[in-house]
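A.B. asks: just to be clear, the model below is a prediction. Sequence and coordinates:
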Amino acid sequence: MPDLNHAADPRRFLRSLFDAAVAAALPDAARIAPFLPLPPKGRTLVLGAGKSGGAMAAAIEAAWPAGAPMSGLVVTRYDYLPPANALLRQRGAARIEVVEAAHPVPDHAGRRAAERIAALVHGLGADDLVLCLMSGGASSLLALPAEGVTLEEKRAINRALLTSGAAIDEMNCVRKHLSAIKGGRLAKACAPARVVTLLVSDVPGDSPAVIGSGPTVPDPTTCADALAVLDRYAIDVPPSIRARLERGELETPKPGDAAFAGNVVHLIATPQQSLDAAAAAARAAGVEAYILGDEIEGESREVGKVHAALARQVVRRGQPFARPCVVLSGGETTVTVRHSAGAPGRGGRATEFLLGCALALQGEASVHVLAADTDGIDGSETNAGAFVAPDTLARAATLGLSARSFLDRNDAYGFFDALGDLVVTGPTYTNVNDFRAMLIS
């Protein structure tokens, strides 16, 4: 790690911690190779979806034994095709096809990719192997509606879930029951082939059943659970879909189903690993680091307030940590779009967290904060996140900007953009969710 003076350049210091977190989550060949089985007697089929999909496919291409046959199809987000995939294409050496589709709201490209993946598994036998590569974003990218559900209906429900404040496990519970491929249905279609699933976790708790809505693992949730989520957040669904959920007609394969016998799951990158890497980078620069947790959830602005309260306690009381220090956290917060406040603005979890944090810090002189999404995209915007400094609110006031007004209309992006405080990384080709770092000097 470069010699960084955290006091002289807090932004550069915090950005270096974010970069260390992202680097620890990159699914390269060295990270994937230990989890690969030996080539089978039959076919090797590689299938996958997610923002890490392209990078995972390139890693498999590099790590799979030379001369061993392999083919497959992986779908990733638009503009998330890493240079390694493009180079393999140019050389005509790509054995795994990588295509692109929309995220976070599904599109027809995602549907076509999911249809092709479903077709590829037809006729697999007991001597065949399926390597399934799943990462955050797969729930939207594998857009194959269940029978009797249209893509437009799924899109509408997905949009409503994204702005409702529902947690990721709640959203994915609904998505699984409206899908023909998620919630274990892909593994059932692969049987009797052996399925090895490799995961980059973007969810609190690292549950394989939640990551990408679990296409290859049993689903412990039920149609009744999906209905409860829809009712909890007052999300309208067509009467035909509600009736099918009520009758249990959209139920998913459950634990104990013979289709999952012999299948294995490996986590190759997790939020905790990235937080550990950031903490190690901070300590290498001479600053003690503390990890609050990798499963922090809740309304983004409220989580920001809690982090600010902790920082102020450290500054004023020396509790629970001595300064200087860095406080790190991960997980997946939520944003409830408040339509009553007028036309909603732009922003995602990281920037809304930061705006809530800035308002609670009230210019605390010794605190700098970075929050960003490790996939490089905060919600659906062009930034990964943003910075908060002691002078954030003062600079905003000089420009005539009311932080409270921006927060009320969920326009955190507009606020930090006006200040020049956005963190823009471009695609990172991985995704282990929220990253938050507070430097308390």
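C.D. replies: Cool, got the structure. For clarity, every value in this text was computed on a predicted model and none was experimentally measured. Numbering: from 1, shown residues only.

A.B. asks: and the longest strand for this protein?
C.D. replies: strand 288-296 (DSSP state E).

A.B. asks: who are the packing partners of it?
C.D. replies: With contacts defined as 3 or more C-beta pairs under 8 Å, 6 or more residues apart in numbering; DSSP states H and E, strand 288-296 has these neighbours: helix 271-284, strand 325-331. Where you see a C-beta, it was placed from the backbone N, CA and C, and this is true even at glycine.

A.B. asks: JSON lines please, covering those and showing distance to residue 7 and mean pLDDT.
C.D. replies: Converted to JSON lines, these look like this (distance: least, C-beta to C-beta, whole Å; pLDDT from 0 to 100):
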{"stretch": "helix 271-284", "distance to residue 7": "13", "mean pLDDT": "97"}
{"stretch": "strand 325-331", "distance to residue 7": "12", "mean pLDDT": "97"}
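
A.B. asks: give the contact list for residue 436.
C.D. replies: The contact partners of residue 436, taken as C-beta atoms under 8 Å, 6 or more residues apart in numbering, are 307, 328, 329, 330, 350, 353, 369, 370, 371.

A.B. asks: what's around the nearest residue to residue 361 once chain neighbours are set aside, how many residues?
C.D. replies: Counting by C-beta to C-beta, 6 or more residues apart in numbering, the nearest residue to residue 361 once its immediate chain neighbours are dropped is residue 308, at 4.6 Å. The number of residues packed near residue 308 is 22, by other C-beta atoms under 10 Å.

A.B. asks: A helix includes residue 308, no?
C.D. replies: Yes: the assignment for residue 308 (DSSP: H, G, I helix; E, B strand; the rest coil) places it in a helix.

A.B. asks: tell me where the chain has strands.
C.D. replies: Taking DSSP E to define them, one finds strands in the chain at 44-49, 71-77, 96-101, 129-135, 194-200, 264-269, 288-296, 325-331, 367-373, 385-388, 422-423, 434-440.

A.B. asks: one step back: out of the helices and strands packed on strand 288-296, which is closest to residue 135?
C.D. replies: helix 271-284 (12.3 Å; C-beta to C-beta).

A.B. asks: quick check: buried residues in the closest one?
C.D. replies: Applying a neighbour-count criterion of 16 or more other C-beta atoms under 10 Å, one finds 271, 272, 273, 274, 275, 276, 277, 278, 279, 281, 282 buried in helix 271-284.

A.B. asks: quick one: it to chain centroid distance?
C.D. replies: If you compare the mean C-alpha spot of helix 271-284 with that of the full chain, they lie 18 Å apart, counting by C-alpha atoms, centre = their mean, to the nearest Å.

A.B. asks: list of residues touching stretch 86-99?
C.D. replies: Applying C-beta under 8 Å, 6+ apart, the external contacts of stretch 86-99 come out as 46, 53-54, 57-58, 60-61, 70-76, 81, 85, 109, 113.

A.B. asks: again, only using 6 Å
C.D. replies: 46, 54, 57, 70, 71, 72, 73, 74, 75, 85, 113 (C-beta atoms under 6 Å, 6 or more residues apart in numbering).

A.B. asks: got a PyMOL select line for the buried ones in those?
C.D. replies: Here is the PyMOL command that selects only those of those that count as buried (16+ other C-beta under 10 Å):
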select buried, resi 46+54+57+70+72+73+74+75+85+113
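
A.B. asks: pick out the lowest-pLDDT one from the contacts of stretch 86-99.
C.D. replies: Across the set of the contacts of stretch 86-99, residue 85 stands lowest in pLDDT, at 79.

A.B. asks: what sits against that residue?
C.D. replies: So residue 85 contacts 54, 58, 98 (C-beta under 6 Å, 6+ apart).
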